[in-house]
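3D model of this:
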Amino acid sequence: MLPFMVLVSPLKTFRQLAQRPTAKGLITLTVLVLTAVAASEYAFSTRIFIKMNDQFIVISATESFLSWFVPAFMSTLIGILLYWSVFVVSFLLLGRILRGEETSLRNSLVIFAYALSVFAVLYAIRAAVYFALPSLNLEISYWPPAEADYSYLSDLVNQNWSTAYAFQIGYGYFSFAALAWLTILGAIAQKTTRGISWGRAFVASITVFLVLYLLFPLP
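Here you go, the predicted model:
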């Protein structure tokens, strides 16, 4: 399947896509990203407990769960889409500057869309990380939390999760690895679509991710 081939054999796969761009694998990729994001949000919800009737109840078992889950899920997807949009537009603009071979806008969008495979892996790992973390017992009786509660929630996360090895790997080391992975995939995509040198391809890719790093955190 193309989304997996992009991750395990990116150079060969992007060369094939440059010659014969196909959007068929994007359906699979979309399903994978949606599933991974949903799993991550659900896994997070299983670690949060609120106090109702003098006992702590996991928020995934409350009536308000869906009213939180759907907006949180959509917000994450919008963040990924926004990140990818800036990613693609930046590469297209730099591609014009660096010249090289001409390629159609459709082909460029299809090829760069496969870089989203990294997000499927990133959110799958985050889901696994959440399941490995200790639960947080909140002294509130409602969910989602009010704006005034975010500082309290942040303090609990810092006290209970930030020092956990699994959290450091999933949200620290692997987030950095995902960014590096995207940089490499971006360079390979630029090299194979534009036919430019590896040096210019990596300069373009690093420039794009420096811009993204300054504008947006990794979703």
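
What are the boundaries of the strands in this protein?
48-52, 55-58, 136-138 (DSSP state E).

The first one pairs with which strands, and in what direction?
Strand 48-52 has the following strand partners under DSSP bridges: strand 55-58 (antiparallel), strand 136-138 (parallel).

on contacts alone, who are the packing partners of the longest helix seen in the chain?
Using DSSP state H, we find that the single longest helix of the chain is helix 65-98. Under the contact criterion of 3 or more C-beta pairs under 8 Å, 6 or more residues apart in numbering; DSSP states H and E, helix 65-98 touches helix 24-45, helix 105-113, helix 174-194, helix 198-215. Where you see a C-beta, it was placed from the backbone N, CA and C, and this is true even at glycine.

okay, the angle between it and helix 105-113?
Calculated by axes from the mean of the first three to the mean of the last three C-alpha atoms, to 10 degrees, helix 65-98 forms an angle of 120 degrees with helix 105-113.

Give the buried residues for helix 65-98.
Residues 65, 68-69, 72-73, 76-77, 80, 83-84, 87-88, 90-91, 94-95, 98 are the ones in helix 65-98 that count as buried (16 or more other C-beta atoms under 10 Å).

do stretch 182-195 as well
182, 183, 185, 186, 187, 188, 189, 190, 191, 192, 193, 194.

Wait, the third one touches residue 116, no?
Looking back up the chat, that one is residue 185. No: judged on C-beta atoms under 8 Å, residue 185 makes no contact with residue 116 at a distance of 9.7 Å.

ok, the nearest residue to residue 52 once chain neighbours are set aside - how many residues close by?
Distance criterion C-beta to C-beta, 6 or more residues apart in numbering; nearest residue to residue 52, sequence neighbours excluded, is residue 141 at 5.3 Å. For residue 141, the neighbour count with other C-beta atoms under 10 Å is 12.

Residue 57 too?
Residue 57: 15 neighbours (other C-beta under 10 Å).

so what's it bridging to?
residue 50.

ok, it touching residue 46?
No: the criterion here is C-beta under 8 Å, and residue 57 misses it with residue 46 at 11.7 Å.

where does the chain have low pLDDT?
For the chain, no stretch has pLDDT under 70.

For residue 140, list the residues it contacts.
Shown in contact with residue 140 (C-beta atoms under 8 Å, 6 or more residues apart in numbering): 50, 51, 149, 152.

quick one, what contacts the second one?
Spelled out, it's residue 51. 57, 137, 138, 139, 140, 141.

Please repeat the previous calculation with a cut-off of 10 Å.
Shown in contact with residue 51 (C-beta atoms under 10 Å, 6 or more residues apart in numbering): 57, 137, 138, 139, 140, 141, 142.

try the last one
Under the criterion of C-beta under 10 Å, 6+ apart, the neighbours of residue 152 are 138, 139, 140, 145, 146.

Please work out which of the strands of the chain is packed deepest.
With neighbours defined as mean count of other C-beta atoms under 10 Å, those peak in mean count at strand 48-52, which reaches a mean of 18.

tell me the contacts of the most centrally placed residue in the chain?
Note on the chain: the residue nearest the mean C-alpha position is residue 119, at 3.7 Å, using C-alpha atoms, centre = their mean. Shown in contact with residue 119 (C-beta under 10 Å, 6+ apart): 29, 32-33, 36-37, 76-77, 80, 83-84, 178, 182, 218-219.
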